[in-house]
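Enquirer: please find the sequence and the predicted model below.
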Amino acid sequence: MLMIPFVGMLYFAMQDIQHQLHEQKSIAAIDKAVQLSRVLSDMVHEVQQERGLSAGYLGSRGRKFSKQLMNIRRESDQSIKDVRIMINEVHPDLGHFEKRVKSNIKILLMSLDQLATT
């Protein structure tokens, strides 16, 4: 007689555990996406600064901004490395992202490869 309530409690406990595990995986995927967006944002900022200094350098025909440009290039290169590292860390979890996001990440990596060769 006590077995039926026990089995019912066990069933609901198992359901709750499954729900919590699913929720934990979702939170972990969101956390990785937030980390990736932060690193991407930092990289975009650095590359934009480099672009601005490059325009100033070219506009001054090389008379201004050379020292700052070298510094920001190092920072840009580091931020690009950080993005690659983060993408490699997130790569196993890309299954949680939409196909569009995966496609955009591939395009980003190809663009970074082209940027590195110029």
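Expert: Received it, and whenever you're ready, just let me know what you need.

Enquirer: C-alpha only now, for contacts and for neighbours.
Expert: OK.

Enquirer: center of the chain - which residue?
Expert: Central residue of the chain (CA atoms, centre = their mean): L36, 1.8 Å from the mean position.

Enquirer: name the nearest residue to that one, sequence neighbours excluded.
Expert: Once its chain neighbours are removed from consideration, L36 has its nearest residue in M86; the separation is 6.2 Å (CA to CA, 6 or more residues apart in numbering).

Enquirer: separation between that neighbour and D77?
Expert: Summarising the geometry, the distance separating M86 from D77, computed by CA to CA, to the nearest Å, is 14 Å.

Enquirer: just S103 next, same as before
Expert: Shown here: S103 relative to D77, a distance of 23 Å by CA to CA.

Enquirer: what do you get for L58?
Expert: L58 sits at a distance of 20 Å from D77 (criterion: CA to CA).

Enquirer: would you map the helices across the protein?
Expert: Per DSSP state H, the chain has helices spanning 3-59, 66-90, 99-117. These are given in chain order.
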